[in-house]
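Participant: Give the three-dimensional model of this entry:
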Amino acid sequence: MTPRTYATAAPALLAGYGLVRMSGEAARSPGVLWTTGHLLLLASLALFVPVVLGLRRRTAHPGAASAAAAVALLGIAAGIVQAAIDLEVGLRAQDRAGMDALFLAVKAHPGVTPAVYTVGPLLFYIGLLALLVTRALARPAKAGRWLPPVLVLAGTAVMSLSLDLMALGALCFWLALAPIPGLKGLAEVPRSEQH
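Facilitator: Next up, the predicted model:
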C-alpha cells in the first residue's frame with residue numbers, strides 16, 4: 001500500500017466504525033454489528049501505524065517527530081488492546097448486561113482503565129496532533145499549513161463529545177491526512193521536505 005492509501009483507508013475505516021455505532025442498540029450489544037464495528041476499528045488503528053511512521057519520516061525535526069510518533073504509537077497500541085478486549089467481551093457475553101459484567105471484571109484489574117480506556121488511547125490523538133504541529137512549524141509560512149493540525153484537533157474534539165460523532169471526526173482526519181484532488185495532502189510530500 002502507498003502512503004496515500006494508508007492516509008485514506010485509516011480514516012475511512014474509522015468512519016465505518018462510527019457509522020456502525022450509529023446504527024442503533026444492536027451495535028452496542030453482542031452480535032454481528034458489535035463485532036463488525038470493532039473489526040473496522042482494529043483495522044483502522046492498524047493502518048494508522050504507517051500513517052504515523054510516514055509523518056515522522058517526513059518531518060524536518062527528527063527528534064520532536066520521533067517523540068510525537070512514539071506517543072501516537074503508544075496510543076494506537078492502547079486502542080488496539082481496548083478494541084481486542086471489546087471484541088472478546090462481545091463474543092463471550094449473551095446480552096448487554098453480560099457485557100457490562102465482563103467489562104467491570106476487566107476494569108477491576110489495577111491500571112487497566114487508565115492504560116486502555118482513558119489516558120492510553122488519548123496518546124494517539126496527542127501524538128498525531130504533535131506530529132502535525134511539528135510539520136506545520138517546519139513548512140514555509142503560507143495559507144493552509146495549519147489546516148491539518150486544526151482539522152485533527154476538531155475531529156478529536158468532536159469524537160470526545162460523543163462516540164456517535166466518530167464518523168464526523170474521521171472525516172476531519174481524512175481531510176487533514178489524505179490528498180484532495182488539486183491540493184496536496186500530508187501523504188504527498190514535496191521532495192524538498194523529504195529526509
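
Participant: all contacts plus neighbour counts: C-alpha atoms, from now on.
Facilitator: Fine.

Participant: any idea which residue sits dead centre in this protein?
Facilitator: Leu45 (5.7 Å; CA atoms, centre = their mean).

Participant: Now do the contacts for the closest residue to it other than its chain neighbours.
Facilitator: Using CA to CA, 6 or more residues apart in numbering and skipping residues adjacent in sequence, the residue nearest Leu45 is Ile76, 6.0 Å away. Neighbouring residues of Ile76 by CA atoms under 8 Å, 6 or more residues apart in numbering: 45-46, 48-49, 121, 123-124.

Participant: Show the subsequent helix or strand relative to the strand or helix carrying the residue nearest to the centre of the chain.
Facilitator: Using DSSP states H and E, Leu45 maps to helix 32-57. Using DSSP H and E, the helix or strand that directly follows helix 32-57 along the chain is helix 62-92.

Participant: That next one to helix 32-57, inter-axis angle?
Facilitator: 170 degrees (axes from the mean of the first three to the mean of the last three CA atoms, to 10 degrees).

Participant: buried stuff in helix 62-92?
Facilitator: 64-66, 68-87, 89-90 (16 or more other CA atoms under 10 Å).

Participant: Which neighbouring elements make contact with the helix holding Leu45?
Facilitator: helix 3-21, helix 62-92, helix 119-138 (3 or more CA pairs under 8 Å, 6 or more residues apart in numbering; DSSP states H and E).

Participant: Could you dump the ones you listed into TSV with distance to Leu177 and mean pLDDT added?
Facilitator: Shown next, in TSV, are the helices and strands packed on helix 32-57 (distance: least, CA to CA, whole Å; pLDDT from 0 to 100):
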stretch	distance to Leu177	mean pLDDT
helix 3-21	6	93
helix 62-92	15	96
helix 119-138	9	93
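
Participant: Redo the ones you listed as TSV? Include distance to Thr36.
Facilitator: Formatted as TSV, those follow (distance: least, CA to CA, whole Å):
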stretch	distance to Thr36
helix 3-21	8
helix 62-92	9
helix 119-138	20
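
Participant: still on that earlier bit, for the record, mean pLDDT for the helix holding Leu45?
Facilitator: In this model, helix 32-57 carries a mean pLDDT of 95.

Participant: List the buried residues for it?
Facilitator: 33-57.

Participant: Tell me what angle it forms with helix 3-21.
Facilitator: Using the same axes, to 10 degrees: helix 32-57 against helix 3-21 is 150 degrees.

Participant: And helix 32-57, how far out from the chain middle?
Facilitator: Chain-centre distance of helix 32-57: 7 Å, with CA atoms, centre = their mean, to the nearest Å.

Participant: Over to stretch 126-137?
Facilitator: 14 Å.

Participant: now swap in stretch 4-24 and tell me
Facilitator: 10 Å.

Participant: contacting residues around that stretch?
Facilitator: 27-28, 33-34, 36-38, 40-41, 43-48, 50-51, 163-171, 173-174, 177-179, 187-188.

Participant: if we go to 7 Å?
Facilitator: With contact meaning CA atoms under 7 Å, 6 or more residues apart in numbering, stretch 4-24 is reached by 27, 33, 37-38, 40-41, 43-45, 47-48, 50-51, 164-167, 170-171, 173-174, 177-178, 187.
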